[in-house]
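S.K.: Attaching a predicted model along with its sequence, questions to come.
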Amino acid sequence: MKKTVLLISVFFLVLSLFSCSKDIKPKNRVFHQYFDTVSTVYDYTGMSEGDFDAFCEDVEEKMLTYHKYFDIYNEYSGVVNLATINKTNGKIQIDRELFDFLKYAKEMYNLTRGEINVAFGSVLSIWHTYREKGVAVPSYKELYSANAHTNIENLVLDEATLT
(Lines give C-alpha, C1' and ligand atoms only; values in the text may rest on other atoms or scores of the structure.)
Protein backbone atom coordinates (compact mmCIF):
# COMPACT_ATOMS: atom_id res chain seq x y z
CA MET A 1 0.00 0.00 0.00
CA LYS A 2 2.90 2.35 0.76
CA LYS A 3 4.27 1.78 -2.76
CA THR A 4 0.94 2.72 -4.26
CA VAL A 5 0.65 5.87 -2.17
CA LEU A 6 4.23 6.79 -3.13
CA LEU A 7 3.53 6.08 -6.82
CA ILE A 8 0.39 8.21 -6.77
CA SER A 9 2.16 10.99 -4.84
CA VAL A 10 5.04 11.08 -7.31
CA PHE A 11 2.56 11.07 -10.19
CA PHE A 12 0.74 14.11 -8.80
CA LEU A 13 4.02 15.89 -8.05
CA VAL A 14 5.16 15.41 -11.63
CA LEU A 15 1.69 16.40 -12.79
CA SER A 16 1.85 19.67 -10.88
CA LEU A 17 5.31 20.47 -12.23
CA PHE A 18 4.35 20.06 -15.86
CA SER A 19 0.65 20.84 -15.97
CA CYS A 20 1.18 24.46 -17.03
CA SER A 21 2.79 23.60 -20.37
CA LYS A 22 0.54 24.40 -23.32
CA ASP A 23 2.45 22.10 -25.70
CA ILE A 24 1.46 18.92 -23.90
CA LYS A 25 -1.53 17.03 -25.19
CA PRO A 26 -3.11 15.20 -22.24
CA LYS A 27 -3.63 11.45 -22.45
CA ASN A 28 -6.11 9.36 -20.51
CA ARG A 29 -7.10 5.77 -19.95
CA VAL A 30 -10.52 4.71 -18.67
CA PHE A 31 -11.15 1.58 -16.60
CA HIS A 32 -14.72 0.29 -16.15
CA GLN A 33 -14.18 -3.11 -14.57
CA TYR A 34 -13.09 -2.23 -11.03
CA PHE A 35 -15.01 -1.19 -7.90
CA ASP A 36 -18.37 -0.95 -9.71
CA THR A 37 -17.38 2.48 -11.00
CA VAL A 38 -15.46 4.28 -13.73
CA SER A 39 -11.84 5.24 -13.03
CA THR A 40 -9.78 7.47 -15.30
CA VAL A 41 -6.01 7.96 -15.31
CA TYR A 42 -4.81 11.22 -16.85
CA ASP A 43 -1.34 12.28 -17.97
CA TYR A 44 -0.47 15.94 -18.30
CA THR A 45 3.29 15.41 -18.00
CA GLY A 46 3.99 14.72 -21.65
CA MET A 47 5.36 11.23 -21.08
CA SER A 48 5.67 9.10 -24.18
CA GLU A 49 2.80 6.88 -25.25
CA GLY A 50 4.87 3.82 -24.31
CA ASP A 51 5.67 5.18 -20.84
CA PHE A 52 2.02 6.09 -20.32
CA ASP A 53 0.97 2.58 -21.38
CA ALA A 54 3.46 1.06 -18.91
CA PHE A 55 2.26 3.41 -16.16
CA CYS A 56 -1.37 2.47 -16.86
CA GLU A 57 -0.49 -1.23 -16.75
CA ASP A 58 0.97 -0.69 -13.26
CA VAL A 59 -2.10 1.27 -12.18
CA GLU A 60 -4.43 -1.39 -13.59
CA GLU A 61 -2.52 -4.17 -11.84
CA LYS A 62 -2.91 -2.35 -8.49
CA MET A 63 -6.58 -1.62 -9.20
CA LEU A 64 -7.20 -5.31 -9.87
CA THR A 65 -5.41 -6.28 -6.64
CA TYR A 66 -7.44 -3.81 -4.58
CA HIS A 67 -10.63 -4.72 -6.41
CA LYS A 68 -10.13 -8.34 -5.36
CA TYR A 69 -9.20 -7.41 -1.78
CA PHE A 70 -12.12 -5.05 -1.24
CA ASP A 71 -14.89 -6.99 -3.00
CA ILE A 72 -17.55 -7.77 -0.41
CA TYR A 73 -19.67 -9.82 -2.82
CA ASN A 74 -17.25 -12.21 -4.58
CA GLU A 75 -14.36 -14.38 -3.51
CA TYR A 76 -11.32 -15.01 -5.73
CA SER A 77 -9.08 -18.04 -5.93
CA GLY A 78 -5.91 -17.55 -3.91
CA VAL A 79 -7.11 -14.27 -2.35
CA VAL A 80 -8.47 -13.71 1.14
CA ASN A 81 -10.66 -10.65 0.76
CA LEU A 82 -13.50 -8.85 2.51
CA ALA A 83 -16.05 -11.37 1.22
CA THR A 84 -13.94 -14.18 2.68
CA ILE A 85 -13.58 -12.33 5.98
CA ASN A 86 -17.34 -11.76 6.22
CA LYS A 87 -18.11 -15.42 5.43
CA THR A 88 -15.66 -16.71 8.05
CA ASN A 89 -16.73 -14.21 10.71
CA GLY A 90 -13.27 -12.68 10.54
CA LYS A 91 -11.39 -15.61 12.00
CA ILE A 92 -8.89 -15.83 9.16
CA GLN A 93 -5.38 -14.62 8.45
CA ILE A 94 -5.11 -11.91 5.78
CA ASP A 95 -2.34 -10.27 3.77
CA ARG A 96 -0.45 -7.41 5.39
CA GLU A 97 -1.69 -4.98 2.72
CA LEU A 98 -5.35 -5.70 3.46
CA PHE A 99 -4.68 -5.66 7.21
CA ASP A 100 -3.02 -2.24 6.95
CA PHE A 101 -5.98 -0.96 4.95
CA LEU A 102 -8.45 -2.12 7.60
CA LYS A 103 -6.33 -0.58 10.32
CA TYR A 104 -6.24 2.68 8.37
CA ALA A 105 -10.00 2.47 7.80
CA LYS A 106 -10.59 2.31 11.56
CA GLU A 107 -8.36 5.36 12.01
CA MET A 108 -10.35 7.19 9.32
CA TYR A 109 -13.60 6.26 11.05
CA ASN A 110 -12.37 7.98 14.20
CA LEU A 111 -10.88 10.94 12.33
CA THR A 112 -14.11 11.57 10.40
CA ARG A 113 -16.37 10.89 13.39
CA GLY A 114 -17.97 7.94 11.63
CA GLU A 115 -18.44 9.49 8.20
CA ILE A 116 -16.15 6.81 6.73
CA ASN A 117 -17.21 3.37 7.89
CA VAL A 118 -15.90 0.18 6.27
CA ALA A 119 -18.24 -1.80 8.52
CA PHE A 120 -21.19 -0.53 6.49
CA GLY A 121 -21.32 -3.67 4.32
CA SER A 122 -24.62 -4.97 5.68
CA VAL A 123 -26.36 -1.80 4.48
CA LEU A 124 -24.45 -1.60 1.20
CA SER A 125 -25.27 -5.21 0.34
CA ILE A 126 -29.00 -4.40 0.58
CA TRP A 127 -28.56 -1.55 -1.90
CA HIS A 128 -26.44 -3.83 -4.11
CA THR A 129 -29.14 -6.52 -4.13
CA TYR A 130 -31.88 -4.04 -4.97
CA ARG A 131 -29.78 -2.53 -7.76
CA GLU A 132 -28.97 -5.96 -9.24
CA LYS A 133 -32.65 -6.95 -9.19
CA GLY A 134 -33.75 -3.61 -10.62
CA VAL A 135 -35.88 -2.82 -7.58
CA ALA A 136 -36.07 0.87 -6.77
CA VAL A 137 -35.45 1.46 -3.06
CA PRO A 138 -35.20 -0.78 0.01
CA SER A 139 -37.51 -0.08 2.91
CA TYR A 140 -36.43 2.07 5.83
CA LYS A 141 -37.07 -0.87 8.17
CA GLU A 142 -34.72 -3.13 6.18
CA LEU A 143 -31.96 -0.51 6.12
CA TYR A 144 -32.43 0.37 9.79
CA SER A 145 -32.22 -3.30 10.76
CA ALA A 146 -29.00 -3.79 8.73
CA ASN A 147 -27.50 -0.68 10.31
CA ALA A 148 -27.42 -2.55 13.64
CA HIS A 149 -24.44 -4.51 12.21
CA THR A 150 -22.25 -1.52 11.27
CA ASN A 151 -20.42 -0.97 14.55
CA ILE A 152 -16.74 -0.32 13.70
CA GLU A 153 -15.76 -1.71 17.12
CA ASN A 154 -16.81 -5.14 15.84
CA LEU A 155 -13.85 -4.94 13.46
CA VAL A 156 -11.22 -6.40 15.78
CA LEU A 157 -7.70 -6.48 14.36
CA ASP A 158 -4.88 -8.61 15.75
CA GLU A 159 -1.58 -7.35 14.33
CA ALA A 160 0.44 -10.27 15.73
CA THR A 161 -1.57 -12.84 13.76
CA LEU A 162 -2.86 -10.61 10.92
CA THR A 163 -6.42 -11.65 11.72
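M.R.: Received, thanks. Numbering: from 1, shown residues only.

S.K.: could you pull out the helices for this structure?
M.R.: 2-18, 49-70, 82-87, 96-111, 121-133, 140-147 (DSSP state H).

S.K.: Most tightly packed of those?
M.R.: Highest mean neighbour count of the helices of the chain: helix 82-87, a mean of 17 (counted as mean count of other CB atoms under 10 Å). (C-beta placed from N, C-alpha, C; glycine too.)

S.K.: coming back round to it: residue 27: which of the helices of the chain is closest?
M.R.: helix 49-70 (5.2 Å; CB to CB).

S.K.: That closest one packs against which elements?
M.R.: Using 3 or more CB pairs under 8 Å, 6 or more residues apart in numbering; DSSP states H and E, the elements in contact with helix 49-70 are helix 2-18, strand 27-31, strand 39-43, helix 96-111.

S.K.: Buried residues, the second one. List them.
M.R.: The reference is to strand 27-31. For strand 27-31, burial by neighbour count (16 or more other CB atoms under 10 Å) applies to 27, 29, 31.

S.K.: wait, isn't residue 63 in contact with residue 38?
M.R.: No. The criterion here is CB atoms under 8 Å, and residue 63 misses it with residue 38 at 11.7 Å.

S.K.: shared neighbours of those two, anything?
M.R.: Counting by CB atoms under 8 Å, 6 or more residues apart in numbering, the common neighbours of residue 63 and residue 38 are residue 31.

S.K.: Model confidence for residue 7, exactly?
M.R.: pLDDT for residue 7: 58.

S.K.: Residue 98 now?
M.R.: 93.

S.K.: go on, the one 3 residues further on?
M.R.: Reported pLDDT at residue 101 in the predicted model: 92.
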